[in-house]
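In: Need a 3D model of the sequence below.
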Amino acid sequence: MTHALVKRTHFVATTALAAVLGCSLPAASVAQRSAAAQGPWAAQGVSDERGSSATSQPYPSELPPPARVRAAIAESPEVQVAAALLQAAGAERRQLAAGPHEWTSRVDYQRRRVREPGAHDRFHEWSLSLERAVRLPGKAELDRRLGAGRVAEAAIAHSDAEHEASRRLLALWYAMLREHQGAQLLARQAGLAAREAAAVARRRELGDASRLDAIQAAAEAEQVEAARRIALDRAERASIALVREFPAMGGIAPPEALPEPPQPAQDLAALAQQAIDEDHGLRGALAAAASAQIEAQRALADRRSDPTVGVQLGSERSAEERIAGVFVSIPFGGEARRAAADASVARAAAAARRADASRRRLDAQVASLLTSASSGAARWQAAQRSAELQSSAAERVVRARELGEADVAEVLRARRLAIDAALRAADMRVDALESRARLLLDAHRIWDFDRGGGEP
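Out: The predicted structure is shown next:
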């Protein structure tokens with residue numbers, strides 16, 4: 001199934017779901033879909049590579065090009081499975097519209113022997129019948145609504161598969177950025193530690209440093225070098241994990257420097273509400289509840305059995321007698337049908353409660369994400385100020401060492417504290433950027449491929 005066909009199916013399925021729920025599509029939703037139909041990026045305003053958006057929320061510059069993201073998401077096995085299930089739901093809708101009943105034909109042949117006083121006769125006899133159960137009109141309408149609901153569920157599931165794949169890609173991308181930033185920082189620190197160890201060793205040769213100072217400096221250099229190698233290994237593993245799960249992301253180098261996390265936007269609350277409104281899990285739960293309600297109505301309607309009508313032709317006594325007629329049969333519903341109806345009603349109630357539970361979990365998740373996104377920049381700023389102060393303190397200890405007011409151990413300890421503070425600040429930077437991007441993703445401001453947005 002092509003992506004364009006999937007998008008058309010999404011619009012049809014959403015319209016069908018609105019009809020199932022007995023409501024109309026919001027005007028904003030219709031406008032967004034119309035904008036998506038007018039051209040790529042119309043709903044989002046994102047440029048081809050790392051361009052900015054025409055909206056108040058620019059496309060984060062540290063993210064990969066949207067074209068590559070779209071290719072990676074489309075190749076995801078989960079998305080392809082959901083697309084196949086969407087096709088299956090379309091076939092199931094046709095099956096429900098056609099109904100469960102089919103024509104049945106029957107042919108009987110028999111030989112009759114008649115023994116009467118003074119006569120022994122043999123006759124060839126046959127009968128032919130054609131019959132079919134007739135679905136009652138109310139059941140047919142419920143089956144059509146149920147088929148539309150199944151397609152709506154499958155379309156939402158396809159969108160959810162795309163969104164979940166986008167979430168995994170986003171998490172893997174920022175995990176890679178986090179490890180690469182740490183590796184770069186430790187690489188610089190390893191160079192500084194190596195030069196410091198060499199300088200202390202040279203001063204010892206000149207008699208200006210003790211053997212203990214040289215040993216401590218060399219040990220510190222080796223420790224930082226080991227940390228650098230570990231960080232490089234973790235960065236490589238993060239890159240491998242991203243490319244193995246999303247092969248289309250291969251060959252994209254992470255940015256050397258990350259932007260500063262922006263201050264919280266004024267529309268964060270609107271983004272959070274949009275994340276709730278656009279959540280595929282909640283929409284899927286509501287669609288499942290609507291389908292369960294229709295199934296319950298169908299089970300209740302099935303307590304009235306469908307009649308079977310047919311015609312019959314026959315020949316008896318070797319065509320001496322001809323038979324033509326019609327017949328009607330009506331099954332009498334019993335306890336099994338009542339039990340099935342009661343079970344469907346209970347399942348519909350359970351599906352409705354499950355949708356309520358999904359909404360509560362979603363509210364909690366979005367509230368947590370909103371808090372993280374709103375405070376991320378402040379946390380990074382505090383960590384960055386701490387790192388700058390630690391770096392300044394380390395420089396002062398180095399100058400004190402040059403003046404003979406501090407020993408090598410104090411210099412190494414100050415630099416170790418500065419490295420730890422710098423690593424924390426780098427992690428806070430990535431965390432703040434990731435929280436902001438995750439909120440934009442859940443609010444469908446970026447990578448909204450199921451509406452045609454995000455396609456260069």
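In: Would you mark the buried spots in the helix or strand encompassing residue 232?
Out: Using DSSP states H and E, residue 232 sits in helix 211-245. Neighbour-count burial for helix 211-245, counted by 16 or more other CB atoms under 10 Å, picks out 213-214, 216-218, 220-221, 224-225, 227-228, 231-232, 234-235, 238-239, 242-243. (Glycine included, C-beta is placed from N, CA and C.)
In: what does stretch 255-268 give?
Out: Buried, per 16+ other CB under 10 Å, within stretch 255-268: 258, 261, 264-265, 268.
In: any chance of those residues in JSON lines, with pLDDT too?
Out: Formatted as JSON lines, the buried residues of stretch 255-268 follow (pLDDT from 0 to 100):
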{"residue": "258", "pLDDT": "92"}
{"residue": "261", "pLDDT": "90"}
{"residue": "264", "pLDDT": "78"}
{"residue": "265", "pLDDT": "71"}
{"residue": "268", "pLDDT": "83"}
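In: Just give me the closest of those to residue 104.
Out: For these, the minimum distance to residue 104 (CB to CB) is 63.7 Å, reached by residue 268.
In: ok, and the closest non-adjacent residue to that closest one?
Out: Sequence neighbours aside, residue 374 is the residue nearest to residue 268 in space, at 5.6 Å (criterion: CB to CB, 6 or more residues apart in numbering).
In: ok, the one you found touching residue 264?
Out: Yes - counting by CB atoms under 8 Å, residue 374 touches residue 264, with 4.6 Å between them.
In: Was I right to think residue 296 contacts residue 340?
Out: No - with contacts counted by CB under 8 Å, residue 296 stays clear of residue 340, the gap being 10.2 Å.
In: Those two: which is more packed in?
Out: residue 296 (21 against 15; other CB atoms under 10 Å).
In: Confirm that one sits in a helix?
Out: Yes - applying DSSP: H, G, I helix; E, B strand; the rest coil, one finds residue 296 inside a helix.
In: Please give me every residue in contact with it.
Out: Counting by CB atoms under 8 Å, 6 or more residues apart in numbering, residue 296 makes contact with 341, 344-345, 347-348.
In: Filter those down to the buried ones.
Out: 341, 344-345, 347-348.
In: export the residues you listed to a markdown table and tack on distance to residue 209, secondary structure and pLDDT?
Out: What follows is the buried ones among the contacts of residue 296, written out as a markdown table (distance: CB to CB, whole Å; DSSP: H, G, I helix; E, B strand; the rest coil; pLDDT from 0 to 100):
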| residue | distance to residue 209 | secondary structure | pLDDT |
| --- | --- | --- | --- |
| 341 | 90 | helix | 90 |
| 344 | 85 | helix | 91 |
| 345 | 86 | helix | 91 |
| 347 | 80 | helix | 91 |
| 348 | 81 | helix | 92 |
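In: Relative to residue 205, which of those is nearest.
Out: So of the buried ones among the contacts of residue 296, ranked by how close each gets to residue 205 (CB to CB), first place is residue 347, at 83.8 Å.
In: any idea what sits nearest the closest one, other than its immediate chain neighbours?
Out: residue 292 (5.5 Å).
In: try residue 306
Out: Here the residue nearest residue 306, using CB to CB, 6+ apart, is residue 133, at 4.7 Å.
In: ok, residue 331 - how many residues close by?
Out: Neighbour tally, residue 331, other CB under 10 Å: 12.
In: now it: how far from residue 305?
Out: In this view, residue 331 and residue 305 are 4 Å apart by CB to CB, to the nearest Å.
In: and if you look at residue 384?
Out: From residue 384 to residue 305 the distance is 74 Å (CB to CB).
In: Out of those two, name the residue with the larger neighbour count.
Out: residue 384 (19 against 15).
In: Does anything pack onto the one helix or strand that one maps to? Which helices or strands?
Out: Using DSSP H and E, residue 384 falls within helix 335-402. With contacts defined as 3 or more CB pairs under 8 Å, 6 or more residues apart in numbering; DSSP states H and E, the packing partners of helix 335-402 are helix 268-277, helix 280-301, helix 408-442.
In: just for the stretch 351-456 of the chain, where's the confidence low?
Out: 450-456 (pLDDT under 70).
In: Chain neighbours aside, what residue packs nearest to residue 255?
Out: residue 62 (5.6 Å).
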